[in-house]
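# Return atomic coordinates for the entry below.
(2 chains, ligands or ions: 2)
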Amino acid sequence: MKPYDVIVIGGGPAGLAAAVSANDSGAAVCLIERENRLGGILKQCIHDGFGLLRFGARLTGPEYAQRYINEVRARDIDVFTETFVTKTESDGGGFVIHAVNRSGVTVLSANALVLATGCRERTAKQVFIHGTRPAGVFTAGTAQHFTNLMGLQPANNCVILGSGDIGLIMARRLTLEGAKVLGVYEAKPTPSGLTRNLHQCLYDYGIPLYLSKTVTRVFGEDRVTGVEISAVDDAMRPVPGTEEYVACDTLILSVGLIPENEIAEALGVKLDDRTKGPVCDGQFMTNVDGVFSCGNALHVNDLVDYVSENAAIAGKNAANYKKAPRKLLELQADASLLYLVPQTLDLNRDNSKTTLFFRSKEPLDGASLKIYADGNEVLGKRYAFLRPPEMETLTLDFERFGLTENSRVTFKIVPKAQEG
Amino acid sequence: MDIVCIVCPKSCRITAAPGNPPVITGNSCKRGYQFALDELTAPKRTVCTTVRTVFPDAPVLPVKTSAEIPKDRIFDLMREINAFTLETRVGTGEAVIPDALGLGADVIATSDLLKETIPEGENDR
Ligand SMILES: Cc1cc2nc3c(=O)[nH]c(=O)nc-3n(C[C@H](O)[C@H](O)[C@H](O)COP(=O)(O)OP(=O)(O)OC[C@H]3O[C@@H](n4cnc5c(N)ncnc54)[C@H](O)[C@@H]3O)c2cc1C
Ligand code: SF4
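Ligands and ions are numbered 1, 2, ... in the order given. So this is what the prediction gives:
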């Protein structure tokens, strides 16, 4: 059994960047991916718009992934593809991983783990829709897989439920391939996808977006024949009497992504109710010593550039990881934030360059992010606008706030109107 | 005309009025100015799609236009691409359809998929 310093699980952009940076920090690294090719979800994201921040170029998903795959291949990193992790155990100081692939069962060990397992889509089971369960109901990611990897046309006339980015991207993609997208229906009063995607994917092609409306029923025996659309009230409950029938052969669901953390949970990693990913510290280490998390497994990102950045930090910290007592301080985000990552700081570590990710709960034109330590404002940062779909990031020096284990650190977003 | 700039994730809201010179406000950078100018006169887009291949291990290959093409030619280009079948194992950046429709942009591969998945025994054509 060959001992590694770091084992990275997941070969998407997060896992690739973590493996590269761990190796650059001097670690012996192994990367495990269950699919036959590296690249993760980017393999099927054939549209462009990736890498503007990281490379200053507008790359497609496969092109972005290829740059990191080349970096991995140029280094002495052991890559296992088509390999399934069956059991992960912590073993005194380190971890033991049991995995199966074509050559049989492999047992690997490492000092630290980086979990980069990405996310999965919410499915029909998780949204409440009445009616039959005919063929023709897909998640947007599944439709993307059919279209972009298998070359199949999953829809002729379709309705898209949910205005998440993948749904918007697929509205354009299916339109290009000759399908008719009848409309994108969003239960919330504001769209969940990026503004630029509303414009370049829907409005460019005259695809209507309906807000505060949802699908309440699916019709059809073997194949979808239509859906019932209802308006929803402020509490997102369908309003009786508003039902309308839309004939279609496909319903595509773009109703959200959930971080994938099966392996993390088996290791005893605590998850955050808001992000649905692990609670971590400024090193992106979870509550389990030596287990790091990054990418969409940690929280759902809208830009892959941030995934690479966060994963590179996690990879470096995993490479340098030595077991040491931790002194954890909670970073409290009030209800004006959708979430904040990291959720804690380990005061025994260097927190002079801590990268934070947050989302505003409400869309705001003009607002400040304020940080208070024991009631005193220690930072105020202005934003021209904050939108829940657009994640914000900043790097902070927490050392200068003189924090102790008993400090109370709170984060709050204050709309411009309420500032003096 | 109200425009949302799609050049970068910042998504600036730009107002553009035709004229000589046109009046463009709300952009945060020069790229946004150029984008608004193009939207006023001749809107252009990059097209990302797939092209059918003869290889069973990879039935389609992701491609894009090497430069932006006029927005009103997008569906013409899609027809051209969908009428084409790729028979060579090209890699990222290589032209699949040179100067498609004479618009001055090549349709180029955006993935090394076909290079990675060569089954044993197949001769690269
Ligand atoms: C449809 C779609 C469109 C997007 N569009 C954009 C865009 O336009 N611009 C942009 O910047 N970003 C975009 N994003 C976001 C960006 O692609 C993601 O944030 C990024 O891919 C997340 O990377 P990741 O490595 O965390 O996850 P993934 O890419 O999902 O990779 C996770 C990998 O882990 C593997 N894995 C999972 N569990 C295991 C296990 N138990 N054992 C072994 N391997 C495992 C999976 O097979 C997968 O390869 C988009 C995302 C999606 C889904
Ligand atoms: S104007 Fe410049 S900064 Fe604003 S969205 Fe366009 S490219 Fe980005």
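# From here on, just use CA atoms for contacts and neighbour counts.
Fine.
# is the host helix or strand of A:R359 anywhere near ligand 1?
Here A:R359 sits within strand A:354-360, counting by DSSP states H and E. No: no part of strand A:354-360 sits near ligand 1 under the criterion Cα under 6 Å from any ligand atom; the closest distance found is 13.3 Å.
# what's the burial count for residue 56?
This is for chain A. 10 (other Cα atoms under 10 Å in any protein chain shown).
# Oops, wrong one, chain B.
9.
# care to break the chain down by domain?
This is for chain A. Per automatic domain parsing, the structural domains of chain A span A:1-121+A:257-323, A:123-255, A:324-420.
# Chain B is the one I meant
Split by automatic domain parsing, chain B gives B:2-41, B:48-116.
# ok, and which of those domains has the densest surroundings?
domain B:48-116 (a mean of 18; mean count of other Cα atoms under 10 Å in any protein chain shown).
# in chain B, what residue is nearest ligand 1?
The minimum distance from chain B to ligand 1, using Cα to the nearest ligand atom, falls at B:P9 (8.6 Å).
# so what's that residue closest to, chain neighbours aside?
Among residues not flanking B:P9 along the chain, A:R196 sits closest, at 6.9 Å (Cα to Cα, 6 or more residues apart in numbering or on different chains).
# do the same with A:E377
A:I371 (5.8 Å).
# partners of that neighbour in the sheet?
Beta-bridge pairing of A:I371 under DSSP bridges involves A:L379, A:F411.
# strand partners of the strand holding A:R359, parallel vs antiparallel please.
strand A:337-341 (antiparallel), strand A:392-396 (antiparallel).
# picking that back up, got a markdown table for the domains of chain A, with mean pLDDT too?
Below are the domains of chain A laid out as a markdown table (pLDDT from 0 to 100):
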| stretch | mean pLDDT |
| --- | --- |
| domain A:1-121+A:257-323 | 95 |
| domain A:123-255 | 93 |
| domain A:324-420 | 93 |
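# what residue lies at the spatial centre of chain A?
A:V300 (2.0 Å; Cα atoms, centre = their mean).
# what's the helix or strand for that one?
Counting by DSSP H and E, A:V300 is found in no helix or strand.
# which residues does it contact?
A:119, A:257-259, A:275 (Cα atoms under 8 Å, 6 or more residues apart in numbering or on different chains).
# Tell me how far it lies from ligand 2.
22 Å (Cα to the nearest ligand atom, to the nearest Å).
# picking that back up, now render the contacts of A:V300 as JSON lines, adding secondary structure and neighbour count.
Output for the contacts of A:V300, formatted as JSON lines (DSSP: H, G, I helix; E, B strand; the rest coil; neighbours: other Cα atoms under 10 Å in any protein chain shown):
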{"residue": "A:C119", "secondary structure": "strand", "neighbour count": "21"}
{"residue": "A:L257", "secondary structure": "strand", "neighbour count": "19"}
{"residue": "A:I258", "secondary structure": "strand", "neighbour count": "18"}
{"residue": "A:P259", "secondary structure": "strand", "neighbour count": "23"}
{"residue": "A:T275", "secondary structure": "coil", "neighbour count": "19"}
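# Among these, which one sits closest to ligand 1?
Of the contacts of A:V300, the one sitting nearest to ligand 1 (Cα to the nearest ligand atom) turns out to be A:C119, at 5.5 Å.
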